[in-house]
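Student: Sharing a model that was predicted from the sequence below.
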Amino acid sequence: MRILVTVKHTPDLQSQRSFTDGHVTRSAEDGTMNELDENAVEAALQLVEAAGEGEVYALTVGGPDAVAAVRKALQLGAHHAIHVCDDAIAGSDVFGTAKVIAAAVTKVHEEAPLDLVITGMAALDGLTSMLPTALAAELDWSQLTLASALSVADGEATIERHLPDAHETLSAPLPAVVSVTDEANKPRYPNFKLIMAARKAPVAQWSLTDLGVDAATVGSGAARTSVVDASERPPRENRIKVTDTGDAGTQLADFLIEKGLA
């Protein structure tokens with residue numbers, strides 16, 4: 001079984017967010033692999049382990065710092081890493097990103113057929129959850145989204161999906177694009193051996209030229225969406241600071257009751 005997982009380098013959720021020229025400011029210092037993509041990596045590893053054979057490819061698209069995302073995937077157990085890096089990609093929206101990823105998936109698929117592309121349910125910087133569908137459309141593959149459970153048998157992928165008013169079981173022929181939620185599994189912790197190996201593991205770096213993608217079709221110039229305005233979050237006002245002299249819990253409870261929150 002051959003599976004490709006998309007992973008994204010996103011700003012740390014605890015860091016101060018900012019925009020530069022309408023784009024999220026990104027840096028190596030506060031960047032990390034998108035937390036929800038860990039569930040995608042884990043889902044791929046579990047399928048390969050259940051099959052008893054196979055390979056997991058980790059793919060990221062982004063600037064030089066984005067390589068940290070695929071190295072994290074290698075730490076978790078991915079076998080191969082691919083970093084698509086090209087200045088012309090900067091500013092791409094979900095449609096441009098899907099076009100680039102689809103070209104990379106096609107390149108891997110032509111070398112040896114892939115069974116699945118697995119993604120997380122959303123990237124925590126944008127939270128659009130649109131990439132899996134846009135990617136499946138670019139590839140013209142089946143899609144199964146928001147899976148809380150995933151299995152593969154007899155040339156089909158089957159998922160369970162929990163919705164507010166329904167529980168669904170859906171199947172689709174392979175190859176397919178599947179997005180998994182954080183309910184799908186509990187990501188494993190990287191072990192020391194894999195952490196050390198990931199530091200020196202080769203990472204294939206591809207440009208748009210390598211993928212045969214016209215630079216004019218991606219990036220800011222081709223984006224269908226744009227940030228019209230962005231401003232810093234205003235400081236909080238009317239904050240109440242409680243000094244704990246042994247009754248802080250009681251003070252907190254009284255405050256919540258007073259505000260009708262308890």
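Tutor: Cool, the structure landed. Residues are numbered from 1 along each chain as shown.

Student: which regions of the stretch 151-262 of the chain lie under the pLDDT threshold?
Tutor: 262 (pLDDT under 70).

Student: got the residue ranges for the strands in it?
Tutor: Counting by DSSP state E, counting those that start in this stretch, the stretch 151-262 of the chain has strands at residues 156-163, 166-173, 176-180, 204-206.

Student: could I get these as a markdown table with distance to Gln143 and mean neighbour count?
Tutor: (Each C-beta comes from the backbone N, C-alpha and C, glycine too.) Shown next, in a markdown table, are the strands of the stretch 151-262 of the chain (distance: least, C-beta to C-beta, whole Å; neighbours: other C-beta atoms under 10 Å):
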| stretch | distance to Gln143 | mean neighbour count |
| --- | --- | --- |
| strand 156-163 | 10 | 16 |
| strand 166-173 | 7 | 12 |
| strand 176-180 | 5 | 28 |
| strand 204-206 | 24 | 16 |
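
Student: and Ala134, which of the ones you listed is closest to it?
Tutor: Ala134 lies closest to strand 176-180 among the strands of the stretch 151-262 of the chain, at 9.6 Å (C-beta to C-beta).

Student: Give me the sheet partners of the closest one and which way each runs.
Tutor: strand 116-120 (parallel), strand 142-147 (parallel) (DSSP bridges).

Student: most packed of these?
Tutor: Mean neighbour count, computed with mean count of other C-beta atoms under 10 Å, is highest for strand 116-120 among the strands paired with strand 176-180, reaching a mean of 28.

Student: Residues in contact with that strand: which ones?
Tutor: 1, 3-8, 34, 36-40, 43-44, 47, 105, 131-132, 135, 139, 141, 150, 152, 157, 174-180 (C-beta atoms under 8 Å, 6 or more residues apart in numbering).

Student: Tell me what angle it forms with strand 156-163.
Tutor: 20 degrees (axes from the mean of the first three to the mean of the last three C-alpha atoms, to 10 degrees).

Student: Please state the offset of strand 116-120 from the chain centre?
Tutor: Distance, stretch centre to chain centre, for strand 116-120: 9 Å (C-alpha atoms, centre = their mean, to the nearest Å).

Student: Which helix or strand lies directly C-terminal to that strand?
Tutor: Sequence-wise, the next helix or strand downstream of strand 116-120 (DSSP states H and E) is helix 131-139.

Student: packing partners for that next one?
Tutor: helix 94-111, strand 116-120, strand 142-147, strand 176-180 (3 or more C-beta pairs under 8 Å, 6 or more residues apart in numbering; DSSP states H and E).

Student: Export those to CSV and append columns for distance to Ala222.
Tutor: Compiled in CSV, the helices and strands packed on helix 131-139 are given as follows (distance: least, C-beta to C-beta, whole Å):
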stretch, distance to Ala222
helix 94-111, 6
strand 116-120, 22
strand 142-147, 23
strand 176-180, 22
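
Student: And those: which comes nearest Thr217?
Tutor: helix 94-111 (6.4 Å).

Student: In contact with the closest residue to Thr133 other than its chain neighbours, which residues are there?
Tutor: The shortest distance from Thr133 to any non-neighbouring residue, by C-beta to C-beta, 6 or more residues apart in numbering, is to Gln143 (6.1 Å). By C-beta under 8 Å, 6+ apart, the residues touching Gln143 are 132-133, 136, 172, 176-178.
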